[in-house]
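S.K.: structure for this input, please:
(chains A and B)
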Amino acid sequence: MPPTTAPSTGVSYDPARAWALHPQVSLRPESFGALAYHFGTRRLSFLKSRTLLTVVETLADQPSGAEACRAAGVGADELDAYERALDALAGSGMICERVA
Amino acid sequence: MTTTPAGTRLVDRFERGLDAPICLTWELTYACNLACVHCLSSSGRRDPGELSTGECKALIDEFERMQIFYVNIGGGEPTIRADFWELVEYATDHHVGVKFSTNGSRITEEVATRLAASDYVDVQISLDGASAAVNDAVRGEGSYATALTAMERLAAVGFTGFKLSVVITRHNVAELDDFKAIADRFGAQLRLTRLRPSGRGADVWDELHPTAAQQRQLYDWLVAHGEDVLTGDSFFHLAGYGDALPGLNLCGAGRVVCLVDPVGDVYACPFAIHDEFLAGNVRSAGGFTSVWRDSALFAELRAPQSAGACASCGHFDACRGGCMAAKFFTGLPLDGPDPECVLGHGEHALGARGGRDVPRSGPDHSSRPRRVAVALTPARRPDRRCDESPLAGSGPAVRADRR
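M.R.: The predicted structure follows:
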């Protein structure tokens, strides 16, 4: 269906759960990280680091969001910022929960 | 202000340009059944040198290779092209989303139904008055009714979230709430953009651009409505009033956006159809990709820009000197204030400019001789650029650089 105007799905990121990139989202790597475009909501987001790009790309292969962060090398001191980023991505429907 | 891990602001990265545009505007034809007095592309008659269907498809292939997520298709009235739907389908089949601007004249029930079924096509209906009197004075008699009918048809088949696109003028600023009500009535999203002195817009800019008091009113209204209302990053020159509006708030010309015109000429932005901002043509060797990546003009735009006369202004970091095209087509230096600078520096510069000739937009495809009085001349559309502010989608680690 064409665009929804609702910017937020109201979904919160839970690091213990399994996640995946939404099937209607495309990623384009950039020097600063990546652009993410959701064809369903027509919203564009910026992933501001390459590590975040790796996390998002590998979510579907990891048992949980926390595992994806760990495997991508997100340090303990950065984890909070990455979880906030993933929460924003979940809220805008860029990533969604999957059955692990 | 958020920062990237390297400590570089995202906005600075964008100002240095990307390997591919974030989005681009593609005017498919200069042909139009309307003749809006402020048309950015001076449209009316079809150009015999228009890209063929095959050339358009090859260009879409390039967009796909460059991973350009979507294109804003306009004109002219793009649906006039006999191959319009074929090209839309080709683009979406090749992972290039389409948003097209239309005056609504060809949105039949059948078309509306087809559009509602597509995930990858968005529609933008142009309307420049919330009442027929205000709209038709700019866009031509009957154009209000046409646009409303199109919106009714889209709403009737359940197409929600299409865009109602309005160019703000001196005569419709008072109608902001009414526009919002129309959009809400049809389940559409309101999009407001700035009147540029480009194309035929140069003929009417003096009498149609909002007054200083109206600009303030518009800014306050936009702040109150936040991300509920789209602006295509149009009004970053108003950031000097206080907080920046949602969006990138930078001039994306040749850096993150550009324009491809019906004959394949690539300009820095949709508001700058002039030789000065012509980067190349998609028909040349290397195609669009090489124009985007290698053109001397774009390299220049991506180099650090001088703040010039604005350097000592405390608001420069917010408004960044405003719109390049607005300055150019009003005869102001590019490294000085925007003609609608909120501090009034532009007005002063316009006064000091005197009777100096101002540059005229490039190719003129108007169907009839250019006019001079705004009154009740039939007309046709303008607007667009990068659509939704690319940052409105809420950044992950991030939201826009400036909010």
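S.K.: work out for me the element the residue nearest to A:Val74 when sequence neighbours are not counted sits within.
M.R.: The shortest distance from A:Val74 to any non-neighbouring residue, by Cβ to Cβ, 6 or more residues apart in numbering or on different chains, is to A:Tyr82 (5.0 Å). For every residue, glycine as well, the C-beta is placed using N, CA and C. Element membership of A:Tyr82, judged by DSSP states H and E, is helix A:79-91.
S.K.: same for that helix, what does it pack against?
M.R.: Helix A:79-91 sits against strand A:43-47, helix A:50-58, helix A:65-71, strand A:95-97, with contacts defined as 3 or more Cβ pairs under 8 Å, 6 or more residues apart in numbering or on different chains; DSSP states H and E.
S.K.: touching chain B at all, the second one?
M.R.: Right, helix A:50-58. Yes: among the residues of helix A:50-58, A:Thr51, A:Leu52 lie within reach of chain B under Cβ under 8 Å from any Cβ of the partner chain.
S.K.: who are the packing partners of that helix?
M.R.: Using 3+ Cβ pairs under 8 Å, 6+ apart, helix A:50-58 sits against strand A:25-30, strand A:33-38, helix A:65-71, helix A:79-91.
S.K.: contact partners for residue 60?
M.R.: All of this refers to chain A. A:Trp19, A:Ala20, A:Leu21, A:Arg98 (Cβ atoms under 8 Å, 6 or more residues apart in numbering or on different chains).
S.K.: hmm, no, I was thinking of chain B.
M.R.: Applying Cβ under 8 Å, 6+ apart, the residues near B:Ile60 are B:Leu87, B:Tyr90, B:Ala91, B:His94, B:Val96.
S.K.: let's see which of those residues end up in helices.
M.R.: B:Leu87, B:Tyr90, B:Ala91 (DSSP state H).
S.K.: drop anything exposed from those.
M.R.: Neighbour-count burial (16 or more other Cβ atoms under 10 Å in any protein chain shown) is assigned, among the ones in helices among the contacts of B:Ile60, to B:Leu87, B:Tyr90, B:Ala91.
S.K.: tell me the predicted confidence for the second one.
M.R.: With respect to pLDDT, B:Tyr90 has a value of 98.
S.K.: what's the answer for the first one, then?
M.R.: Model confidence at B:Leu87, expressed as pLDDT, equals 98.
S.K.: return the list of strands paired to the helix or strand bottoming out on mean pLDDT in chain A, each annotated with direction.
M.R.: For chain A, using mean pLDDT, DSSP states H and E, the weakest element among its helices and strands is strand A:43-47, scoring a mean of 89. Using DSSP bridges, the strands paired with strand A:43-47 are strand A:33-38 (antiparallel).
S.K.: list the contacts for the closest residue to chain A within the stretch 1-150 of chain B?
M.R.: Per Cβ to the nearest Cβ, B:Phe69 is where the stretch 1-150 of chain B lies closest to chain A, at 3.8 Å. Contacts were defined as Cβ under 8 Å, 6+ apart; by that measure B:Phe69 touches A:Ser26, A:Arg28, A:Leu35, A:Tyr37, A:Phe39, A:Leu44, B:Ile22, B:Cys23, B:Val96, B:Gly97.
S.K.: tell me where chain B has helices.
M.R.: Under DSSP H, chain B gives helices at B:10-15, B:53-65, B:84-93, B:109-116, B:132-139, B:143-156, B:176-185, B:201-208, B:212-225, B:287-294, B:296-302, B:316-319, B:324-328, B:345-353.
S.K.: from the chain's centroid, how far away is the helix or strand of chain B with the lowest mean pLDDT?
M.R.: Scoring the helices and strands of chain B by mean pLDDT, DSSP H and E places helix B:10-15 at the bottom, with a mean of 80. Distance of helix B:10-15 from the chain centroid (Cα atoms, centre = their mean, to the nearest Å) equals 20 Å.
S.K.: touching chain A at all, it?
M.R.: Yes: using Cβ under 8 Å from any Cβ, helix B:10-15 reaches chain A at B:Leu10, B:Arg13.
S.K.: then that helix to CSV, C-alphas only?
M.R.: In CSV, the C-alpha atoms belonging to helix B:10-15 read as follows (Å, rounded to 0.1, in the frame of the first residue of the first chain):
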residue,chain,number,x,y,z
LEU,B,10,26.9,14.8,8.7
VAL,B,11,25.9,18.0,7.1
ASP,B,12,29.5,18.6,6.3
ARG,B,13,29.8,15.2,4.6
PHE,B,14,26.7,16.1,2.5
GLU,B,15,28.2,19.4,1.5
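S.K.: okay then, goodbye and thanks.
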